[in-house]
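Enquirer: output the structure for:
(chains A and B)
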There are 2 protein chains.
Amino acid sequence: MSHSDAQPPLDTFAAAVAQARRSAVLGSIDALLGWDERTKMPPAGGSHRADQAAALAVVVHRERTDPRQGERLERLLDDPRARQGTPQEQATIRLLHRDFVKQARLPARLVEELARTCVEAQQAWSRAREESSWPVLEPWLRRMFDLKREQAACQLPDLDRYDALMDDYEPGARWPAVAERFARLRAGIVPLVQACAAATRRPSDALMRRQYPLAAQRRFCRDVAARIGFDFDRGRLDTTDHPFCTTIGPDDCRITTRWDENFLPTAVYGVLHEAGHGLYEQGLPRDWFGLPPGEAASLGVHESQSRLWENLVGRSRAFWDWCFPLASAAFPGALADADAAAVHAALLVVEPSFIRVEADEVTYNLHVMLRFDLERAVVLGDLDIADLPAAWNDRFEQDFGMRPPNDAVGVLQDIHWSAGLVGYFPTYTLGNIFSAQLMAAAERDVGPLAPQFATGTFEPLLGWMRRHVHAAGRMLESDPLVERATGAPVSEAPLLASLRARYGVAHGL
Amino acid sequence: MSHSDAQPPLDTFAAAVAQARRSAVLGSIDALLGWDERTKMPPAGGSHRADQAAALAVVVHRERTDPRQGERLERLLDDPRARQGTPQEQATIRLLHRDFVKQARLPARLVEELARTCVEAQQAWSRAREESSWPVLEPWLRRMFDLKREQAACQLPDLDRYDALMDDYEPGARWPAVAERFARLRAGIVPLVQACAAATRRPSDALMRRQYPLAAQRRFCRDVAARIGFDFDRGRLDTTDHPFCTTIGPDDCRITTRWDENFLPTAVYGVLHEAGHGLYEQGLPRDWFGLPPGEAASLGVHESQSRLWENLVGRSRAFWDWCFPLASAAFPGALADADAAAVHAALLVVEPSFIRVEADEVTYNLHVMLRFDLERAVVLGDLDIADLPAAWNDRFEQDFGMRPPNDAVGVLQDIHWSAGLVGYFPTYTLGNIFSAQLMAAAERDVGPLAPQFATGTFEPLLGWMRRHVHAAGRMLESDPLVERATGAPVSEAPLLASLRARYGVAHGL
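Expert: This is a model prediction of the structure:
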C-alpha cells in the first residue's frame, strides 16, 4: 500500500489549503504593518515597527516552511487521484509545492541575513542619495548582490542566476526572450524619441503647472478612481511619499498617492496607476484569497493593469472629453481658459530626463532597459559593483544624449537594489508591453473604446480585463496568460504602434 | 546540585525577558489591527480582519504559554540569587510568573470558546440594542457569564469568583473593600445630586450647543492635547465611533474621538479623556516596554489619568481662563458673546440621564455602582440573567428617580458584558476616586494649580504624575501605588470634596 493511499487526497488537500491560507492570513498582517508605516505611523514609531515586522516574519516563515506542509504537497503531487481535481485545485497543488520548495531551499541563515541586509542597505541608500555619495552605498550593494546570487543558486540551481532571481517577480521569464523583446522595442523607441526631440510642434505642460488646490485634487482623484471602477467599500486612498498599492485582505485593497499643488499629473496619474493595480487586486477570485488561483500572475501582469489605466486610458483624448467638465468644476481657476484638447495636449510631452519615476511614457522604457542590462551584468559577474556608476553614466549618455551630473540622479536614484529587488526592473517594461496588447484585444472584443471613454463608460474594458486577466489568478504565467487573452503571441508591436499613434500625432509627425 | 544552579540566573532572566518581549511585540500587532479596524478599515474589510486577529491570537497564546517560559520563571522564583536583582527585575519575575500561571491555567478549549463567544455575543448585542430586544441578547449573556465563572474558577480558584474576574483589570481589588468605598461615595453623591436638582441656580449647556465647525474643532482639540503634553511625534489623533486610546509600541500611542458639530464637549472632553490615557502610556518607562515595569498598573489607575485631565483639569475655570482665547479664535461665531466664565458654567450641568457615557461627572458614579452590584450578583448566582432587565430598571428608578422607557437605554446600553468584560465597571469609579486624591497630593507638592492652568502651564502636574504614577509601571497594585504617591490611604473623600466644591458653587449651594 503506497503512502499516498494512507489518506484520502481530499483530506490532504484540505489540510494543505488550510495551512497555506493560515500563512497567507498572517502574511497579510504584514501588509497592514507596511501600509501604516508609510501612511499613518507617528514619526517615532519606526523602531518598534521594525521589531513587529521582524517578529511576524519569523512566525510567517515558520508557517511557510512547516515540514508537514512539504509532505502533504509531495503526497498530493504523487497521487494520481489529485490530478482529477479542477484546474484551480491542480494549480494550487503545483504552485504551492513550487513555492514551498523555493522557500525551504533557503537556509535560515540566508533568510535572516537577507532580511537584515535589506534594512541596513536601505538605510545606507537613504544617506547615500541624500549626500549623492556612491561610496556610502557601494559595500552594501556588493553584499546584497552576493546574497542574491546565493539565493538564486539555492532556489533554482538549474537556471542562469539572473533568470532565477527574475523568476521571483515574473515566473517563467528568461533573459534571452525578454532581451530580444526589449531590443525590438528599443529599436522602435529610439527613433521616436529622436523624432519628438526634432519636431517643430512640441507640446507644453505649462497648463498642468498652475495652482490646483489640494482639497479639490483629493475629491477629484477619488471620484475618478471610483468612476473607473475602484471599489471604496473594499478599499481606501491615502497620502504617502512613494505611492503604492497594497492588499490587506480580499476586501481591503489600499492605494496611495502624492500631491503637488503646482503639478496636477502627480496625483491624477499616481491615483490612476495605483487604482489600476487596485482594480486587478479587487478583481482576483476572492474565494481563492491566499492561494495561487487568487493571486496575481506576476508583477509584469500587475504593471500591465496599472499602466493601462494610467496611460492608455488616462492619457487618451476621449478620457479627457469625459473628464474635463469634472476637472473644470474642481479647478475653476486653473482651467478657466482650457478645454479637453488643451489638457490632453499638455500630457504628451516627451523629454529625456534623469529620473525614471518622472519620465514620460516614451522614454520610460529606456530607463528600465538600462537597469535590466546593468543588474544582469552585475549578477553574472561581468560588471563589478565598483564600476557600476561609470557604466550607468556611459549608458545613460548613449541612450539619452546627456550625462547625469551626480549619482543622486544617476545610479543612486532607485531603492530597488538596496531593498533586495534584483530582477524586478524588467517587469515594468513587460507590463507596458502587455498593457498595449491587452488593450488592443479588448477593443477588438468590446468595440471602439474612445466613444465609451468619452461618456465615462469604463465597465466594458474593466469587464474584459476581469474575465481575461483577473479571473485567471496565478494559474498561468504571464506570456501564456496574455497569449490566451489576446489570441496572439506576446509582442512589443502593439505598444510601439500605440506610442507612435499618440505621441506622433501630438508632435505633428 | 539543584536545578536552579544549572544555569546562571542572569541567563535565565534574559531568556525569560526575551520571550516575554517577543510575546509583547506580537501582541502589539493586535493593537494595530484593532486601531485600524475602528478608524480606517474599509467597510467590507471586517471579515478578513477577524481572520487576521484570530490567527494572530493563536500565535500570541502559543508564545505566552510556552512551557519553557514557565520553567524559566519557576527556576527564577526559586533561585535566591534572583532575589538580589533590582526592584524592576524582581517585579518582572514575580508578575511574569503570575501572568503565566493565569494564562496556563486556562484550558485551550475555554480560550477558544471565550474568543468565539465574545465575537458572537457582541454581534447579538448590536442587534439587541438596535431592536431594543432583550431576548436577542439573553442567551448570549447567559453563556458568557457561565464561561467567565469557569475562567474565574480556573485562574484564581482561591478567590471569590467576582474578585477573580476583577483581578484581570484591577489586580488586588477585592469586593469588600471596593464595596465599602463605593458605599461611602454613594452616601455623599446622592444628596449632592438631589441638592443640584433642587437648586434655584441651574447651569445651562445651551452655549455648547451652537455650531462649532468640525475643521476648527480638529485643530483646536489637537492643539489642546499637545499643550497638556501629548506627544504627537509618538502618537496620533483620529476619528472613531466609540473613542479609545491604544498603544501600538513604546513610541506609538494613538487616541481617537467623535465629533459633534452642534455639541463642542463631545470632542473636547473625548480628546482630553483619551489624551489623559495617552499621557500615561507615553509616560511609562519605555525601556521596559512589554514587561511589567513598563505596563500600566491597572485600569483604575489608567482611568485616574484620563479623568484627571478630562474633569479635574479640563472642566476647571482656570483651564478655560487660559483656553478661552484659543477657543474664541477657533470658533469666532459660536463664542462671539461668550467668555471663560460662560463656557465654564455651561460645562457644569448636573442632570440624571439614562446613558452612562453621556452622564455628567456627578451622576456618573451612580451608573457604575449599579453595574458593579448587578454583575456581581449574576456572577455569584444571586441574580438570574432572566431577571437582569427588571433588576436594572428597579435599581435605576431607585437611584435616579426615573425608569428606563426601554432596554436599549437600560440594560442593553453597554457592550462590556457581551465583550467578556465582567468585573471591569468598578475600575471607572476607582479611577475617579484615585484621580481626585492624586490631584490633591500633586497640588500640595507643586503648589496651587489654578494659576498654572490659567497660563497654560501643565508641566508641573504632568511631571508629578510621571514621577509618582507613570514611572512605577505595574510594580505596585493600585491602592499601594496611590497611597505611596499621596502619602495617605485611598479614600473617596477627595473626590467628594472636589465634586461638592465645583458643582456646589455652580449650583449656588
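
Enquirer: tally of neighbours for residue A:187?
Expert: 11 (other Cβ atoms under 10 Å in any protein chain shown). From N, CA and C alone the C-beta is placed, and that goes for glycine too.

Enquirer: from residue A:369, how far out is it?
Expert: With distances taken as Cβ to Cβ, to the nearest Å, residue A:187 is found 11 Å from residue A:369.

Enquirer: the longest helix seen in chain A near chain B at all?
Expert: Longest helix in chain A by number of residues (criterion: DSSP state H): helix A:9-39. Yes: remark: helix A:9-39 sits within contact range of chain B at A:22, A:25, A:26, A:28, A:29, A:32, A:33, A:36, by Cβ under 8 Å from any Cβ of the partner chain.

Enquirer: which residues are contacting the helix or strand encompassing residue A:451?
Expert: Element membership of residue A:451, judged by DSSP states H and E, is helix A:449-454. Residues from elsewhere that reach helix A:449-454 (Cβ atoms under 8 Å, 6 or more residues apart in numbering or on different chains): A:313, A:316-319, A:321-322, A:439, A:442-443, A:446, A:458, A:460-461.

Enquirer: can you do 10 Å?
Expert: A:228, A:312-314, A:316-323, A:340, A:439-440, A:442-443, A:446, A:457-461, A:464 (Cβ atoms under 10 Å, 6 or more residues apart in numbering or on different chains).

Enquirer: that helix: which residues count as buried?
Expert: Neighbour-count burial for helix A:449-454, counted by 16 or more other Cβ atoms under 10 Å in any protein chain shown, picks out A:449, A:452, A:453, A:454.

Enquirer: so how far is the helix or strand hosting residue A:60 off the chain centroid?
Expert: Assigned by DSSP H and E, residue A:60 falls within helix A:46-64. Helix A:46-64 has its C-alpha centroid displaced from the chain centroid by 24 Å (Cα atoms, centre = their mean, to the nearest Å).

Enquirer: do that helix and chain B meet?
Expert: Yes: Helix A:46-64 lies within reach of chain B by Cβ under 10 Å from any Cβ of the partner chain, at A:46-56, A:58-60, A:62-63.

Enquirer: tell me the angle that helix makes with helix B:46-64.
Expert: 90 degrees (axes from the mean of the first three to the mean of the last three Cα atoms, to 10 degrees).

Enquirer: the closest residue to chain B within the stretch 201-350 of chain A: neighbouring residues, count only.
Expert: With Cβ to the nearest Cβ as the measure, residue A:249 is the residue of the stretch 201-350 of chain A nearest to chain B, at 3.0 Å. The number of residues packed near residue A:249 is 27, by other Cβ under 10 Å.

Enquirer: for the closest residue to it other than its chain neighbours, what are its contacts?
Expert: Nearest residue to residue A:249 in three dimensions, chain neighbours excluded: residue B:48, at 3.0 Å (Cβ to Cβ, 6 or more residues apart in numbering or on different chains). Residue B:48 is in contact with A:25, A:28, A:247, A:248, A:249, A:250, A:251, A:252, A:286, A:289, A:290, B:41, counting by Cβ under 10 Å, 6+ apart.

Enquirer: am I right that the third one is in a strand?
Expert: Yes: counting by DSSP: H, G, I helix; E, B strand; the rest coil, residue A:247 falls inside a strand.

Enquirer: correct me if wrong: it contacts residue A:254.
Expert: Yes: Residue A:247 lies in contact with residue A:254 (Cβ atoms under 10 Å); the separation is 7.8 Å.

Enquirer: shared neighbours, those two?
Expert: By Cβ under 10 Å, 6+ apart, the residues touching both residue A:247 and residue A:254 are A:31, A:35, A:234, A:235, A:278, A:281.

Enquirer: name the nearest of those relative to residue B:386.
Expert: Taking Cβ to Cβ as the measure, residue B:386 lies nearest residue A:234 of the shared contacts of residue A:247 and residue A:254, at 41.9 Å.

Enquirer: what's near enough to touch residue A:37?
Expert: A:45, A:46, A:49, A:50, A:52, A:53, A:240, B:32.

Enquirer: just the buried residues of those residues.
Expert: Buried among the contacts of residue A:37 (16+ other Cβ under 10 Å): A:45, A:49, A:52, A:53, A:240, B:32.
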